[in-house]
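Trainee: Okay, here's the prediction I keep looking at, along with the sequence it came from:
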Amino acid sequence: MKSIVYGILDARQAAKETLPPGLNQAPLMAVKHGNLAAAISPVAEELASSAGIDQALEYARVVEQLHRRLAVLPMRYGCFVHHPEQVVEFLHRYERQFSDALAQVEGRDEMGLRILFQESDMAEPPEQPGAPTEADAQTRGRAYLDNRRRFYAQQTRVDRAARRMAERAQAAFSGLFVRCTWDHAARPDGLLLSMAFLVERPKLADFRRAFLRFQKDCPGKVMCSGPWPPYGFVADLAKPAVAALADLEHLQEKG
């Protein structure tokens, strides 16, 4: 039987708390190494290999319950091990990095912000391209290069528009978050900017009030969500964790 990993915890906090049940009400265990622990629970082989949306949502609810009780570095659904000893090795290998990352997220929640806007909302004054020459129009190679130049110029404008919107949002929430990550994607209906803010819990109410002010002034559609476990900051705070996840899969294959 495999076990699924929910997140990395502070072992001292975990020892003082009653941990919630895991998937399918299975007992959740804190596998310890030093001051760290990994929250795991057993799962049947057939469930491990055939996860559905309901199971992923239940997994997320377990992580949220852990997050409400103690500091946690949440894992994404799908991290399985064959033996608790693999988790101990995992914690031993990345002990310092996870300890530092846990200290960063303790007492803090992730707040999400999604902004759908048009590039023109944040556009710079347009550049004035030079008029194409007759020789350019007649030269396929030159036309190809011009097309590529225009494509990358467009990408650059999109990136700059997203950065300006991200900076505008960060300014609106200045003093209310300790870390922020963001990403953007072009969609048929505009640019979607996805941001995650790591917020100290006593500042959550101020963050929500700042969002209402930002929402009034911001062009486009804005949505705020949270508080969430700090999913968006695991890779940022504990970059070795990303590699460690791959290591777990490798260990699983060896198990």
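Mentor: Right, received. Where do you want to start? Predicted, not measured: the structure shown is a model, and the values here were computed from it.
Trainee: Now do the buried residues in stretch 215-233.
Mentor: Within stretch 215-233, the residues that count as buried by 16 or more other Cβ atoms under 10 Å are 218, 220, 222, 224, 226-233. Where C-beta positions appear, they are placed from N, C-alpha and C, glycine not excepted.
Trainee: now, the most widely separated pair of those residues?
Mentor: In the buried residues of stretch 215-233, two members sit farther apart than any others by Cβ to Cβ. They are G220 and P229, at 27.3 Å.
Trainee: so what's the backbone phi/psi at the nearest residue to L102 once chain neighbours are set aside?
Mentor: Leaving out its chain neighbours, the residue that sits closest to L102 by Cβ to Cβ, 6 or more residues apart in numbering is A71, at 5.1 Å. Phi and psi for A71, reported as degrees, to the nearest 10, are phi -70, psi 140.
Trainee: now do H82
Mentor: phi -90, psi -30.
Trainee: Tell me how many other residues crowd it.
Mentor: Residues within reach of H82, counting by other Cβ atoms under 10 Å, total 14.
Trainee: wait, doesn't it sit right on V5?
Mentor: No. Under the criterion of Cβ atoms under 8 Å, H82 is not in contact with V5, lying 11.7 Å apart.
Trainee: now stretch 114-123: mean pLDDT?
Mentor: For stretch 114-123, mean pLDDT rounds to 84.
Trainee: then it to PDB, C-alphas only?
Mentor: What follows is stretch 114-123, C-alpha atoms only, in PDB (Å, rounded to 0.1, in the frame of the first residue of the first chain):
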ATOM      1  CA  ARG A 114      -6.600  37.400 -10.900                       C
ATOM      2  CA  ILE A 115      -6.900  40.400 -13.200                       C
ATOM      3  CA  LEU A 116      -8.300  40.100 -16.700                       C
ATOM      4  CA  PHE A 117      -7.400  43.200 -18.700                       C
ATOM      5  CA  GLN A 118      -6.600  44.400 -22.200                       C
ATOM      6  CA  GLU A 119      -3.100  45.200 -23.200                       C
ATOM      7  CA  SER A 120      -4.300  48.700 -24.300                       C
ATOM      8  CA  ASP A 121      -5.300  49.400 -20.600                       C
ATOM      9  CA  MET A 122      -1.600  49.400 -19.700                       C
ATOM     10  CA  ALA A 123       0.000  50.200 -23.000                       C
END
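Trainee: what's next to that stretch, contact-wise?
Mentor: Under the contact criterion Cβ atoms under 8 Å, 6 or more residues apart in numbering, stretch 114-123 has outside partners 157-158, 160-162, 164-165, 168-169, 187, 189-195, 218-223, 225.
Trainee: Just the buried ones from the residues you listed, in PyMOL syntax?
Mentor: Applying 16+ other Cβ under 10 Å to these, the buried members can be selected in PyMOL as follows:
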select buried, resi 157+158+161+162+165+168+169+190+191+192+193+194+195+218+220+222
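Trainee: Of the contacts of stretch 114-123, which belong to helices?
Mentor: Among the contacts of stretch 114-123, DSSP state H puts 157-158, 160-162, 164-165, 168-169 in helices.
Trainee: helices or strands next to the strand or helix carrying Y6 in the packing?
Mentor: Here Y6 sits within strand 2-10, counting by DSSP states H and E. Under the contact definition 3 or more Cβ pairs under 8 Å, 6 or more residues apart in numbering; DSSP states H and E, strand 2-10 sits against strand 36-43, helix 45-49, helix 53-69, strand 72-74, strand 80-81, helix 84-93, helix 95-105, helix 239-254.
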